[in-house]
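*Asks:* give me coordinates for this.
(one chain, ligands or ions: 1)
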Amino acid sequence: MFAKPTVVNNVETFACVPHILTNGADWFKGFGTEKSPGTKMFCLSGDVERPGNYEVPFGTPARDLIEGFAGGVKDGKKLKAFTPGGASSTQFFGPDKLDTNMDWESVTAAGSLLGTGAIIVFADDVCMVRAALRYTRFYAHESCGKCTPCREGTYWMVNTLERFENGQGREEDIVIMNDVAGNIIGRSFCALGDFSIAPVTSTTKLFADEYRQHIAKGGCPFDR
Ligand code: SF4
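*Replies:* Prediction:
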């Protein structure tokens, strides 16, 4: 900032420092992977039995976090999806990605981002169109309005997702929403614009059937 080099650290980083000073860098690098050394705080929330923050070595499989530390999907339901790194810019993962190692390189290779390490879990009775709508509403609300792609794009993605929920969605709207998303990413001033598209792009890819169920039923086929 102000043409001066600036280091931005967070509490998670500072919490590691005393242990590294006490035990040495090699001790810390003994945890995790070569490219992602050390430990990471993962925040498990959503449909899990034991939501909370869990510190584990980088590279711990998502399955160990969701099914182990967090006690599995709530009420014995099945897993439908999870975010590996929070809502911002991270593509949803399906159950086939449960054995992904949670480190920077593995999550990226699997098609998403580790982001903040916020793992949000969705049970199989959750409507992913509604989930995308809730996320996108947040971004539309937070958009400051400075850039047209972010301001208009988030508005139109919300508008279209609402149409699906209200039974007015059309097959071509899936393509149109992705076109809108493609015109937001890389064309907005700050990261919020880029972050806003993942709920639409990943749910239309992973859960296209659910969008079509909304069209066929003329509304949302899920209770939540
Ligand atoms: S991308 Fe950032 S600066 Fe641009 S409208 Fe969105 S929130 Fe505002």
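*Asks:* near the ligand, which residues of the protein? Just list them.
*Replies:* Listed as neighbours of the ligand in the chain under the rule C-beta under 6 Å from any ligand atom: 143-147, 150-151, 188-190, 192-193. C-beta coordinates here come from the backbone N, C-alpha and C atoms, glycine included.
*Asks:* pLDDT wise, what is the residue nearest to residue 100 when sequence neighbours are not counted at?
*Replies:* Take residue 100 and drop its neighbours on the chain: the residue closest to it by C-beta to C-beta, 6 or more residues apart in numbering is residue 110, 4.7 Å away. Per-residue confidence for residue 110 comes out at a pLDDT of 96.
*Asks:* residue 110: what's it in contact with?
*Replies:* Residues in contact with residue 110, defined by C-beta atoms under 8 Å, 6 or more residues apart in numbering, are 84, 93, 97, 100.
*Asks:* now do residue 218
*Replies:* For residue 218, the contact set (C-beta under 8 Å, 6+ apart) comprises residue 167.
*Asks:* what residues go with each domain of the protein?
*Replies:* Each structural domain of the chain that the record assigns through automatic domain parsing is listed here as a residue range: 12-123, 128-217.
*Asks:* including distance to residue 224, could those go into JSON lines?
*Replies:* As requested, the domains of the chain are exported to JSON lines (distance: least, C-beta to C-beta, whole Å):
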{"stretch": "domain 12-123", "distance to residue 224": "9"}
{"stretch": "domain 128-217", "distance to residue 224": "7"}
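*Asks:* would you map the helices across this structure?
*Replies:* Taking DSSP state H, the helices of the chain run over residues 11-23, 25-29, 62-63, 104-109, 128-142, 148-165, 171-182, 191-195, 198-206, 208-217.
*Asks:* now do the closest residue to residue 88 other than its chain neighbours against residue 219, distance only.
*Replies:* Beyond its immediate neighbours in the sequence, the residue positioned closest to residue 88 (C-beta to C-beta, 6+ apart) is residue 195, lying 3.8 Å away. In this structure, residue 195 and residue 219 are 29 Å apart, going by C-beta to C-beta, to the nearest Å.
*Asks:* sweet, I'm off.
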